[in-house]
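Enquirer: starting from these lines, generate the structure:
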Amino acid sequence: MTAVPDAYEEFCLISVMNNTAGDGSGEIAFAGFTEDITAMDFGEKDIEGVPLLNGGRIVKFTPMTDESITMKVYPVTASLEEGGAVQLFHPQSANDTTQPILVSNSKERIPYRVVILLSTRLPNSATALPNSGEPSYRFQVVNAYCTRYVPSFDGKIYSAEITFKWAPFDEFGTGNKQEESADGTVCIAATATASSTALTYIDIGV
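Expert: Model (predicted):
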């Protein structure tokens, strides 16, 4: 009988895709250590107690705050086609595919889809069908923006921390993030599927 593991640890798969149809960037796939996902801030749904004259309280709901994911990458190129993360932060009007690659500071802001897959046996990419009989857990985000790119030589190796940030809902009130899991008796879908319109209508350009 298939059983879920005690914990998912060590390895994960990450895919980043441009939400904008026709840009030609396709899917940028990463294989990573879970410890390199340095922060997963999935917002707050805070409340506030409003005092009444009789000494009681009523609960006032405050809107949910924005969400974000921060991860560490180890860039060896500025080429977007080869996984250069700097172009996620500074999108170019046209992807430079001719050496030498040039990435200028850009005012462009492009929405991305970010997928993170955890499984007891990982497939080829975060958007692929997990292996049959293997428990899995996946995070999917749409309409996320790369808001931070901080390179450094921390640990005497060139790396960068990148942050993707998104509003919890789109303009129609539909969720921009979903989490899904399967215990191995069935598999989560190979591509982004959800009851949420925001997670199904976007052309991932693959």
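Enquirer: buried stuff in the least confident helix or strand in the chain by mean pLDDT?
Expert: In the chain, the helix or strand scored least confidently by mean pLDDT, DSSP states H and E is strand 27-33, which has a mean of 81. In terms of neighbour count (16 or more other C-beta atoms under 10 Å), strand 27-33 has its buried residues at 27-30, 32. From N, CA and C alone the C-beta is placed, and that goes for glycine too.
Enquirer: for those, give me JSON lines that also has distance to Asp46.
Expert: JSON lines is the format used below for those (distance: C-beta to C-beta, whole Å):
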{"residue": "Glu27", "distance to Asp46": "35"}
{"residue": "Ile28", "distance to Asp46": "34"}
{"residue": "Ala29", "distance to Asp46": "36"}
{"residue": "Phe30", "distance to Asp46": "33"}
{"residue": "Gly32", "distance to Asp46": "31"}
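Enquirer: closest one to Gly56 out of those residues, please.
Expert: Using C-beta to C-beta, Gly32 comes nearest to Gly56 of the buried residues of strand 27-33, at 50.0 Å.
Enquirer: and the closest one, what does it touch?
Expert: Residues in contact with Gly32 (C-beta atoms under 8 Å, 6 or more residues apart in numbering) are 11-14, 71.
Enquirer: closest one to Pro63 out of the residues you listed, please.
Expert: Distances from Pro63 to the contacts of Gly32, taken by C-beta to C-beta, are shortest for Met71, at 26.3 Å.
Enquirer: assign a three-state SS to the closest one, would you?
Expert: strand (DSSP: H, G, I helix; E, B strand; the rest coil).
Enquirer: bridged to it, which residues?
Expert: Beta bridges link Met71 to Ile37, Ile162, judged by DSSP bridges.
Enquirer: how close does it sit to Glu44?
Expert: Here Met71 is placed at a distance of 21 Å from Glu44 (C-beta to C-beta, to the nearest Å).
Enquirer: give the rounded mean pLDDT of the helix or strand where Val115 lies.
Expert: Secondary structure from DSSP states H and E places Val115 in strand 112-119. Mean per-residue pLDDT for strand 112-119: 90.
Enquirer: hmm, who's touching it?
Expert: 8, 12-19, 34, 37, 69, 88, 123, 125-127, 130-131, 134-142, 144-146, 164, 192, 202, 204.
Enquirer: show me the strands in this protein, by range?
Expert: 11-18, 27-33, 37-41, 47-51, 57-61, 67-73, 112-119, 136-152, 159-166, 177-182 (DSSP state E).
Enquirer: okay, these in CSV with distance to Asn105 next?
Expert: Formatted as CSV, these follow (distance: least, C-beta to C-beta, whole Å):
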stretch, distance to Asn105
strand 11-18, 19
strand 27-33, 20
strand 37-41, 24
strand 47-51, 40
strand 57-61, 40
strand 67-73, 19
strand 112-119, 19
strand 136-152, 11
strand 159-166, 15
strand 177-182, 29
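Enquirer: which of those strands has the lowest average pLDDT?
Expert: strand 27-33 (a mean of 81).
Enquirer: so what sits opposite the residue nearest to the spatial centre of the chain in the bridge?
Expert: For the chain, the residue nearest the mean C-alpha position is Val114 (2.9 Å; C-alpha atoms, centre = their mean). Val114 has these beta-bridge partners by DSSP bridges: Val16, Val141.
Enquirer: that's all I had, so thanks and see you.
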